[in-house]
Each structure stands twice: as C-alpha cells, then as structure tokens.
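**Student:** give the three-dimensional model of this entry:
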Amino acid sequence: MLRETSLNQLSAETRAKLRSAQLLTSLPQVVSELLQNSLDAGASQVDIGVNCEEWSCWVRDDGAGINKSGLSMIGKGSEEGRYNTSKAYTPASLDSVSTFGFRGEALSSMAELCCLEISSRTSLSRESWSVILKGGRPLYSGPSIRWRRESAGTVVCVRDAFFSLPIRRQSHPSPNKTLDTIKQELEAYALMFPNVSFTLQDDSKSKENASSKGHVLRVPKTRSILAAFRHMYGRAPTEHVEEIDATSEDLKVEGFISLVGARSKVYQYLYINKHPVSFCDLHRLIDSKFSTSTFIKHAYDEGGETSLRSSVRRSPRKGEKKPIYVLNLVIPTRHIDNCLEPAKSAVQIEHKNVVTSFISSVIDSFLIRHGFASGKRAAEEGRDSPPKKRKVTMIPNSMVQNNVPQPPASRKAESKEVPAVFIHPGDISEEIPQGTTVWKDPVTGETFIVDARTGNSYSQNLRHKIDGMSTASMSRISRIPHLPKKAKNPGQGVCSDPARDSMPDWLQEALGANKAYAATEPKIPSLPLLTNQASDDQSCTPIYSNHSCCAHAFGTPYLQSGSPSSEHAQTRFHKADLLQAQVINQVDRKFIACLVDLEDSAHRENGKPLDKCPAGGSTLILIDQHAADERVRVERFLREICSGFLQHCEGTGAVEVLELSPAVPILLTRHEASRLASVEEVRSAFDRWGVRFEGLAKLTPLESECVGDEAGGGYVQVFVKAIPAIVGDKLLLNDELRDLIKGYLGTFESEETTPPNLSQHKDASDTKDDELRWLKALRWCPQELLDLINSKACRGAVMFNDPLSLEQCERLVRNLAATAFPFQCAHGRPSLVPLTHVSTESGRRTAPALDWARLN
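**Tutor:** Prediction:
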C-alpha cells in the first residue's frame, strides 16, 4: 500500500545554500563576478589579489561605490540579502540588459559559501562603511577598519571560500592552474575595456617576499583594443593587422584580425556585447573560413615575413597557421539569451542565420582583400561540391564478359556515390590500335580509346569518321581521372570537334619518343592462366585490386568459388597471423609476399569459422616493406621515450636527454616566455619529456618590467639546456626546437598539463601487459614531438627498391608481428593488403602446385 506524501517548502537556509552552490562553482568564477561588478560600477582602475592556497581573493576598484543603506540590505542575511542590486530591471526592460550583472545574487551567494567582507564609499559619503558575513549570517556592520577608503570605490574581500563544500575544494584545480585561469579571464576583459587599468597579484608570493615578485599582470590604460593586445602579448602577433569595423542593419562587429598566423588558437577572442563567449558555432565558422583559404600556408610569420614555397620539406599539416583575432559582435540584447548558465558565457541567438551570414561576409572580405581567397569563393559556396574523381581499376581480359551494373545517370545519384570506372585492356574490337586500352563511360555509355603511353583519348564512335587521319591527328579528349563535361545535345558525346582540338603530328611523335613515358622497370613476373581451366573462369567472381600485380598475376582458378569479390578485403587478421605467416619472398623490391593460414582458433567463434573467414587454403597478402619497417622503428622510439615519461611520473626514472653545451637560444614572444617562466606546471610538463631550460628565474618579473612596451617587438630569448636524445639530431635542425616549444605551449591554454599519478593506479594488468604499457603516455605526448618521431622512423626505414634476402624478410615480418599496431604505418596508412584466397582445390580439378620461385 502506497504511503501518502505531502509537499513541504524548503527552508530559507536550504534554498540559499542550494542556489549559491549552483551560481558559484570555483574561485575563478568568484573573481569574475567581482570583476564584472567593478566594470558595471564604472571603475577606471581594478586591482585584484589572489591566494589560491588559502582560498581567498580581493577586488578593489574606484567605481561609484555602495552607500550605507545598500550595505545594510546585503548584511541582512541569506534570505533578505538576496536579489538586491543597483542594476534593477523591470520585467519589460529585461530584454535590453546592458550590464554584466542583473540578478543580484553574486554577493549574497558569496556570503553563503565564504567569509565575505565589503568595504565601500560613495562620492557623497564622508565615511567608509563595511559589512562582514559568513555562512549567510552577518558578523559585523559599521565603519571600515581593515579596508578603509579615502575616495569613492569598493573593496570586496573573500576568505575561506567553499568552507562548507569540502568535495568542491578537493576537486578544484591546483593553485597554479587556478591562478592561470584567473589571469586569462582578466586578460579577456582587459581587451574589451582598454580605458581601464588592471593589476593582478599573487598574495602567497607577496607575503613571502615584499618585492614585485607577487605581481602577475599589469595592464595600463590604452587607446584601443589593438593597443591593449600589443601591451599584453607584444607586437609580434600583430605586426601586420587590419582593424575591423563593419555594420549591417542592427548588427555590428568591431576589433581586429591579424595577418600574422599563430601556431595555436591562444590569440582568438570572440565577444558578444563585450561578454566573452565560450567556444561555439561562431568560432567554428571563423575557423572553417580560414582553414579553407590559403591563410594557413601564406600568412605572415612572427618575423613579419611570408613565404609562398618553403625550401625545407615539411609535413603537410605541420606549417598550418591559426588566425589571430579579437572581435566583438554587437547584437541587440532582445535577440540573445545569455541566461543558460551562471557564468553567462553560453549564448543563444534568435536569428542565428543572419548573424552567421554577417560574420561570413566580414571574414570573406578580409581574406579576399589580402589575397588569401578569390572573389569567386563566396559565390561558389552555395553550390554543390564538385564530384570526386573516379577510381580507375584494372581487371583481367577474361573478366570483361561479366556484367558490370551501370549506375543511373542522374546527378543526384552521382553526388551520393561515384561509380567505379573500369578500363578493359582490349576486348571491344579487332580494329583497336595496338598499345591502346578502351574505357567505357558508365554514365553516358560512350566508349573511348586511350593511348597507354601518352594518356590521350578519343571517342571510338568518331574513329570511323576520321579514318583518313593519322593517329597523331586524332583529337585529344579529357584525361580519364576527370569527369566528362555534360554535353548540350544529349546525343552528342563528350568529345569536341576534332578540327578544333586536333594535335599536330610532331607533338604526337615527340610524346611517343619522350623517355618520360617509357616503362621505368620490367614487368613483374606472373603465373600464366592454364588453358584447360578457361571454362571454369566464368563461374568465378573476379577480385579487383588497385595493385598492378593483382590483375594478372593470379588466375581465377585459385580463388574460392562463389565468394564475394571483396571477401579477401573483409577478412579479419590478427597479430598472431603474422607470427605464423609463411614468408615467400620479396616482390618487386617493394613488398613481401606471405601466406597466412586463417584456419585456427583466432578466427573461430564457438568452434565455428567466422562468416568472413574463407574455409580451406590460405590467404595471400603483400606487406609493404617500407610501412612495416617504419612501424617497427616508430614503436621502438615511442616505447623508449614514453617509458621514460612514465618513469618520471612515478619518480623512478626519466627520459634520456641530450645535454646542450652551450645552451641553445630560442626566440619566443613575451607572452610565451612569461608563461614558461611563471607557470610551474608548464615547466614540469616540458621536463617530463626531456626538454629543460636555464635562466628562467630572470624572466619571472617579466610582465611588470614591460609595462608600456607596446612599441617594442615583444621578443624574449630563452635558453634550452637539454632535449630528448631520441630526436636530438632532428630537434637541432632548422626551427624544429622552436616549433616544439611554441606548439606545446599553445596546448596548455585549453588542456590540463598535469598527468595522473600513475604510481597510484598500477594494478595487475600493468605487469601482465608491461610491453604495451608505454601506450598510456601517448595521450600526453606533444604532437610536434610525435611528428618528429614519425619522421625519424620514416626516413631511416627500409625504402622501396631496397633488396631484402629471405632471412631479412622473415625477420621484418616477425618484428612487425611484435608491434602494438602492426597493420598501419606511422602515418596511419595500411602496412599490408590481402590479395586473394589461395586454395589447392579448384572446382572438379586439383590445380598444380604454385611455383613461388617465379615471383622472385
């Protein structure tokens, strides 16, 4: 029988505690709320002090101040002290909020979760008044004692924050991370308020040393957003810049975009009505505009130069540059909703498509003006993406008779899946000239004759019309990889008028005599198709492959009859298969041919073979010798450096380093050098990977010494005394060491730098899989360091055309089987491909044994 329940109203104390715990979640948010109150009060000077270890902070400003009656209202306690604010709005005016605060809950929530002291004085008051509260209860109300003010303004001091929420304290970020978050928050507001000066100091260091070591950040009043940015980060990121001021009806965007590219997104700031906005669709829109332009390659570097072509071979994505911008989007407040969460950093926009179109036009205009995009780009974005290139696949002559389904010729179907294009090497007519192949367009059904040497093509239907013309005079049609243009007349082919596109005889002869079109290496030996088995071929499904030797080397009688054509590509391989593989020999000095027997327990489930596992015989695979050796080498390098990383975290060892004497100087921006010198967790993260610096203690007071250095270049030289030995030779080449340091510094803005204490999480599975334990460290490995290791593994691996003996092939396959990821190279490409299932039975006959020696 169900018990009858009644509804009871929560007590005022419970309501206040629940509401406060949801509004204030961290110490940086407490500082942010107080900073916003100071800006709403019209302050021109804001000073902030933080002691993260003691859970305290204070904010002092020279704003309008709070009068005595206002402080008395706040001091009434949990219930009556809430919802009191100087920025009161009527229900009708809530659609036009122009201030940061409007709820009237920040101070009362602090009084509930902390020990709160407010000391304030207005311009009309002769005395400075204070109020102290803790746990929602008033402790003092009267004249100021500790924070007495001589002029108008307010000081709010918070002590013992979250004293009633021990779990929140336990899960709070470390003191260094908390201070760094507060600094980034202050920098974001300083950009939008250049007419206000800001200071930030670490009270824990100020108490230990009365000198300026406690100063973390000083931003004086400046004349513009750009000037404030240059003061905090130096001129290097904004040596070439365009200030933005665009308007469209009731929308406006202001700020600047730099022509200099950065290595990370650390210098990207987006605001809506001066409110910092967390990462959202607008950021993704801006990123996509820049990433699809030439900005990522041709933007200026920090030295003020741009190069269209680098003389050093680099990874395709390594040199990509990120945009630097500070943009404030002004939208009527009635069209936005920023009450989704307490920090008000998430915003919903009513007419989002209008805003995105406006932002797109601003970014497109910038890119076009500076040559990073063409004027046709905006017009083409609304069209469908161009169709992909078709895949050209070679199949044997005997397979031509099989019916190949023709896809529909509709544009809609073509956009979803582009059909494969098959080249049939002869079988159309005896009139086809020697040295040519035939291609039939699966869309139009038209047949073309393709010159195997030069790639020239012409329609077979037109050949009878131009019999009097020599082969050299035949019209040159589009090349195979491109789609044929749609003809205006449905009955007309893709070939244009021969008289218009005719090729002179001398040019055709020159192409034929050019050695560039000659075969550079002999044909790979292949096994001939037995004549007495031709009748069985028609019942066998062809196996298509992109590899040239697959089309002719292995006859269809050796394929499993009735199996799907892609069965060999869908077969699941295991590492154990490579250990038991029978190595045949090297093929074409590029691949290693192996036979893999799939009839073992690894390919069975409940005693039955898997569906995709062919029964009887073995699978013939080709292993890419370069990819295989590259995988072996990259895992050897990664195991060495990742094991050192894990040992450093556990306190049992470290990464092997190469000592540099003398130390190597690296040029960083002032902001990067300051971050490296002042944040201990950043230095520790570099040390864990074997990168160590010297002389950073001299750079600690860097921010305070560079006040007013807007006109300077903003560069600082730091010295590296040790680097990881595994890539020491590559780090000392070109700018690799600088790229590693600058790239890794950029990741700390959005990622946690401290790994977990691995010594506390070691269990029995770690000792069991000790060989693969190094994989745990890959998530913290800098991408730049990983790229260098991949590059070193690739450059030193076995290359194509390197001869290998049978013993060397067997050793390489064994080493590949011992790796963690044997089926892909260091760059993610497959290291082996299954060619076909080889069986000793073929229909009613027994095929003779294969002469594998002929493949040598």
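
**Student:** every contact and neighbour count from this point should use C-alpha atoms.
**Tutor:** OK.

**Student:** what's the longest strand along the chain packed up against?
**Tutor:** If you go by DSSP state E, the chain has its longest strand at strand 657-669. If contacts are counted by 3 or more C-alpha pairs under 8 Å, 6 or more residues apart in numbering; DSSP states H and E, strand 657-669 sits against strand 715-724, helix 736-747.

**Student:** least reliable of these going by mean pLDDT?
**Tutor:** Mean pLDDT across the helices and strands packed on strand 657-669 is lowest at helix 736-747; the value there is a mean of 87.

**Student:** that one to strand 715-724, inter-axis angle?
**Tutor:** 100 degrees (axes from the mean of the first three to the mean of the last three C-alpha atoms, to 10 degrees).

**Student:** and helix 736-747, which residues are buried?
**Tutor:** Buried positions in helix 736-747, judged by neighbour count with 16 or more other C-alpha atoms under 10 Å: 737-747.

**Student:** just the helices in the stretch 251-400 of the chain please.
**Tutor:** With DSSP state H, counting those that start in this stretch as the criterion, the stretch 251-400 of the chain has helices at 281-291, 295-298, 352-369, 377-380.

**Student:** dump the ones you listed into TSV; add mean pLDDT and mean neighbour count as well.
**Tutor:** Listed next are the helices of the stretch 251-400 of the chain as TSV, based on pLDDT from 0 to 100; neighbours: other C-alpha atoms under 10 Å:
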stretch	mean pLDDT	mean neighbour count
helix 281-291	93	15
helix 295-298	88	22
helix 352-369	93	16
helix 377-380	54	12
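
**Student:** which one, of those, ends up nearest to Leu658?
**Tutor:** Leu658 lies closest to helix 295-298 among the helices of the stretch 251-400 of the chain, at 32.4 Å (C-alpha to C-alpha).

**Student:** and that closest one, what does it pack against?
**Tutor:** Partner elements for helix 295-298 (3+ C-alpha pairs under 8 Å, 6+ apart): none found.

**Student:** rerun that using 10 Å as the cut-off
**Tutor:** When contacts are defined as 3 or more C-alpha pairs under 10 Å, 6 or more residues apart in numbering; DSSP states H and E, helix 295-298 packs onto helix 281-291.

**Student:** so where's the stretch 401-550 of the chain uncertain?
**Tutor:** For the stretch 401-550 of the chain, the stretches flagged by pLDDT under 70 are 401-435, 443, 452-455, 461-503, 512, 515-550.

**Student:** residues in contact with Trp147?
**Tutor:** 60, 117-120, 128-130, 154-157 (C-alpha atoms under 10 Å, 6 or more residues apart in numbering).

**Student:** and Val798, by the same measure?
**Tutor:** Applying C-alpha under 10 Å, 6+ apart, the residues near Val798 are 590, 624-630, 804, 812.

**Student:** that one and Met110: what is the separation?
**Tutor:** 65 Å (C-alpha to C-alpha, to the nearest Å).

**Student:** Gln45 and Arg218 touch, don't they?
**Tutor:** No. Applying C-alpha atoms under 10 Å as the test, Gln45 and Arg218 come out as separate, 11.0 Å apart.

**Student:** who touches both of the two?
**Tutor:** Shared contacts of Gln45 and Arg218, counting by C-alpha under 10 Å, 6+ apart, come down to 197-199.

**Student:** just among those residues, which is most surrounded?
**Tutor:** Counting neighbours by other C-alpha atoms under 10 Å, the top entry in the shared contacts of Gln45 and Arg218 is Phe198, with 22 neighbours.

**Student:** rewinding a little: in a markdown table, list the helices of the stretch 251-400 of the chain along with distance to Thr181.
**Tutor:** As requested, the helices of the stretch 251-400 of the chain are exported to a markdown table (distance: least, C-alpha to C-alpha, whole Å):
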| stretch | distance to Thr181 |
| --- | --- |
| helix 281-291 | 20 |
| helix 295-298 | 28 |
| helix 352-369 | 28 |
| helix 377-380 | 38 |
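
**Student:** relative to Asp729, which of those is closest?
**Tutor:** When those are compared by C-alpha to C-alpha, helix 295-298 sits nearest Asp729, at 26.2 Å.

**Student:** can you give me the neighbour number for the closest residue to Thr447 other than its chain neighbours?
**Tutor:** Computed as C-alpha to C-alpha, 6 or more residues apart in numbering, the closest residue to Thr447 that is not its neighbour in sequence is Lys440, at 4.2 Å. Neighbours of Lys440 under the rule other C-alpha under 10 Å: 17.

**Student:** how far away is Lys440 from Asn456?
**Tutor:** Distance, Lys440 to Asn456, using C-alpha to C-alpha: 15 Å.

**Student:** grab the nearest non-local neighbour of Val355.
**Tutor:** In space, Val355 is closest to Leu251, 7.7 Å off (C-alpha to C-alpha, 6+ apart).

**Student:** actually Gly746, not the one I typed
**Tutor:** In space, Gly746 is closest to Ser264, 5.2 Å off (C-alpha to C-alpha, 6+ apart).

**Student:** tell me the pLDDT at that neighbour?
**Tutor:** 82.

**Student:** now do the contacts for it.
**Tutor:** 320-324, 742-749.

**Student:** just name the shakiest helix or strand of this protein by mean pLDDT.
**Tutor:** helix 550-553 (a mean of 33; mean pLDDT, DSSP states H and E).

**Student:** sketch out the low-pLDDT regions of the stretch 1-150 of the chain for me.
**Tutor:** For the stretch 1-150 of the chain (pLDDT under 70), the answer is 1-2, 12, 15-19, 21-22, 77-98, 101-104.

**Student:** which stretches of it form strands?
**Tutor:** Using DSSP state E, counting those that start in this stretch, the strands found in the stretch 1-150 of the chain span residues 45-51, 56-61, 115-121, 129-134, 137-143.

**Student:** three-state assignment of Val655?
**Tutor:** coil (DSSP: H, G, I helix; E, B strand; the rest coil).

**Student:** grab the nearest non-local neighbour of it.
**Tutor:** Gly644 (4.1 Å).

**Student:** where are the low-confidence patches of the stretch 751-856 of the chain?
**Tutor:** For the stretch 751-856 of the chain, the stretches with pLDDT under 70 are 751-770, 839-856.

**Student:** the same query, at a cut-off of 90, please.
**Tutor:** Scanning the stretch 751-856 of the chain for pLDDT under 90 picks out 751-780, 782-784, 824-829, 833-856.

**Student:** also the stretch 601-750 of the chain?
**Tutor:** Using pLDDT under 90, the stretch 601-750 of the chain drops low at 601-620, 649-653, 667-684, 695-717, 733-736, 738-739, 742-750.

**Student:** measure stretch 47-55 end to end?
**Tutor:** OK, stretch 47-55 end separation, C-alpha to C-alpha: 18 Å.

**Student:** do I have it right that His298 meets Gly371?
**Tutor:** Yes. In this structure His298 lies within contact range of Gly371 using C-alpha under 10 Å: 9.4 Å.

**Student:** the residue nearest to Val355 and Asp245: what is the separation?
**Tutor:** Distance, Leu251 to Asp245, by C-alpha to C-alpha: 11 Å.
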